[in-house]
Structures are given as C-alpha cells and as structure tokens.
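In: Here is my input, please return the structure:
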Amino acid sequence: MALPPSLRTSITPPELELVAAEQLVEIVPLVSMERTAFISGAYGPLRPPTKCKVPLWMASNLKLKKKCHIVPPPWLNVDFLQERLIQETSGSSFSEMPFRFTEVAKIVLDVAPDDLQNPDRIRGLLKDIREARQAKSREGLAKLDHNELMLPNLCAMEINEIRPFFVRGMAVLTQLTREPAQGDVMDQT
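Out: Next comes the predicted model:
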C-alpha cells in the first residue's frame with residue numbers, strides 16, 4: 001500500500017525485509033565451509049549435501065554466489081497457499097500465517113525462484129492472499145472501536161501498513177468518546 005509522505009511514520013518494507021532476513025532457513029550447501037562467526041551468531045560447518053540452518057541473509061548471499069540451494073519454508077508451496085487463500089476468502093477472520101511471511105517470501109522468490117516448484121503460481125497466490133487480507137484490514141478499520149481492536153493473525157507488513165491510520169483513528173475516536181471532565185459537567189448545569 002503506497003502511503004503519502006505525511007503518513008510514513010512507520011518502518012519501510014525494505015527495513016522489514018532486513019529484520020526478516022535474520023530468520024533461519026535450511027540450505028543445501030554446494031561448497032564446504034568451516035563454522036563461521038558473525039555478529040548475529042556462528043553458523044556452519046557447511047558440508048554438501050547435508051542440510052544446514054543459516055539466516056536468510058546468509059542463504060541469499062550464498063545462493064547469489066551459486067554456493068547453495070535454499071530449501072523453501074514448509075508454507076511456501078502452492079498447496080498450502082491455496083488452502084490459505086480459500087480460508088481468507090471464505091472466512092471473516094485472518095488465516096494463520098507466519099508473522100513475516102511476506103518479507104521471507106519476497107526474498108526467497110527474488111533470490112531463489114529456481115529452488116521453488118511453480119514460483120509464478122506462488123507469486124500469484126501470495127498476491128491474492130495479500131489483497132484478501134488488505135480488504136479485511138480495511139473492513140476492520142472501518143469498524144474501529146475506541147475501546148479495543150482485535151485483528152489476530154496479522155503479519156508484520158500488515159501491522160506496519162495500518163499503523164499510521166490506526167494511531168490517528170484511535171486518537172480521534174478517543175477525543176470523540178472521552179467522558180467530559182468533572183469541571184465540564186458542572187459548567188453545563
């Protein structure tokens with residue numbers, strides 16, 4: 001969702017991708033490498049063809065150098081995403097998805113489409129899921145209540161998109177529904 005500059009008070013999508021790149025994913029290394037220490041931790045050793053868990057940023061880097069294959073997360077396949085799309089379009093609540101599914105999917109699809117089965121279909125399903133979830137978010141914001149808002153199973157990107165509208169909307173609702181102070185009540189009588 002493109003936002004005007006006045007509403008860009010939250011994290012940008014590339015910043016969310018950077019945070020998501022810390023998630024561990026499985027890779028199948030194509031080269032041997034000893035255990036390597038980084039600020040975020042030590043990873044390895046890499047021994048082909050044994051699977052290994054590394055952060056997504058490291059997997060992306062190795063993949064770009066053709067030194068590994070990324071094993072897609074279990075939810076990043078056509079069957080799972082079709083099931084979630086049906087849940088999104090038929091139910092009123094958000095289906096359960098990984099918290100950073102949009103960011104992780106974008107990185108894997110950009111860097112390793114050859115490691116996925118039917119990446120174009122996966123892209124299309126993710127787009128459809130995202131549109132269905134955005135419609136539910138807009139519907140939820142239309143029913144904004146000053147006491148509470150329950151939108152369970154939102155992902156990081158969706159929370160980030162509605163944050164500016166939500167903060168402003170809640171401020172206005174609070175002002176409109178605030179009980180008058182004791183002095184105001186006395187003045188009116």
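In: Against which helices or strands is the lengthiest helix in the chain packed?
Out: If you go by DSSP state H, the chain has its longest helix at helix 119-142. The contact analysis (3 or more Cβ pairs under 8 Å, 6 or more residues apart in numbering; DSSP states H and E) places helix 119-142 against helix 78-90, helix 101-111, helix 156-177. C-beta coordinates here come from the backbone N, C-alpha and C atoms, glycine included.
In: So for residue 14, which of those sits nearest?
Out: Closest to residue 14 of these is helix 101-111 (Cβ to Cβ; 9.4 Å).
In: got the angle for the closest one vs helix 78-90?
Out: Between helix 101-111 and helix 78-90, the angle comes out at 140 degrees (axes from the mean of the first three to the mean of the last three Cα atoms, to 10 degrees).
In: Which other helices and strands does helix 101-111 contact?
Out: Contact here means 3+ Cβ pairs under 8 Å, 6+ apart; on that basis helix 101-111 packs against helix 13-20, helix 56-64, helix 119-142, helix 156-177.
In: In TSV: these, plus mean neighbour count and mean pLDDT.
Out: Formatted as TSV, the helices and strands packed on helix 101-111 follow (neighbours: other Cβ atoms under 10 Å; pLDDT from 0 to 100):
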stretch	mean neighbour count	mean pLDDT
helix 13-20	16	90
helix 56-64	20	97
helix 119-142	16	89
helix 156-177	15	76
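In: Nearest residue to residue 27 in space, please, no chain neighbours.
Out: residue 68 (4.3 Å; Cβ to Cβ, 6 or more residues apart in numbering).
In: Correction: the previous question concerned residue 123.
Out: residue 109 (6.1 Å).
In: Do I have it right that that neighbour meets residue 116?
Out: Yes. The criterion here is Cβ atoms under 8 Å, and residue 109 meets it with residue 116 at 7.1 Å.
In: so what's in contact with those two at the same time?
Out: residue 122 (Cβ atoms under 8 Å, 6 or more residues apart in numbering).
In: who's in contact with the spatially most central residue of the chain?
Out: By Cα atoms, centre = their mean, the chain has its centre lying nearest to residue 100, at 3.2 Å. By Cβ under 8 Å, 6+ apart, the residues touching residue 100 are 16, 19-20, 23, 155-157.
In: if you set the cut-off to 10 Å instead, what comes out?
Out: 16-17, 19-23, 56, 107, 155-157 (Cβ atoms under 10 Å, 6 or more residues apart in numbering).
In: Show me which of those is closest to residue 81.
Out: For those, the closest approach to residue 81 (Cβ to Cβ) belongs to residue 155, at 13.7 Å.
In: Now find how far off-centre stretch 90-106 is within its chain.
Out: 7 Å (Cα atoms, centre = their mean, to the nearest Å).
In: Any chance you could give me it in CSV, C-alpha atoms only?
Out: The C-alpha trace of stretch 90-106 is given here as CSV (Å, rounded to 0.1, in the frame of the first residue of the first chain):
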residue,chain,number,x,y,z
SER,A,90,-14.4,-17.7,2.8
GLY,A,91,-13.9,-16.7,6.4
SER,A,92,-14.2,-13.4,8.2
SER,A,93,-11.0,-13.8,10.3
PHE,A,94,-7.4,-13.8,9.2
SER,A,95,-5.9,-17.2,8.5
GLU,A,96,-2.8,-18.1,10.5
MET,A,97,0.3,-17.3,8.6
PRO,A,98,3.9,-16.9,9.7
PHE,A,99,4.5,-13.4,11.2
ARG,A,100,7.0,-12.4,8.5
PHE,A,101,5.6,-14.4,5.6
THR,A,102,5.5,-11.5,3.1
GLU,A,103,9.1,-10.5,3.6
VAL,A,104,10.5,-14.0,3.6
ALA,A,105,8.5,-15.0,0.5
LYS,A,106,9.7,-11.9,-1.3
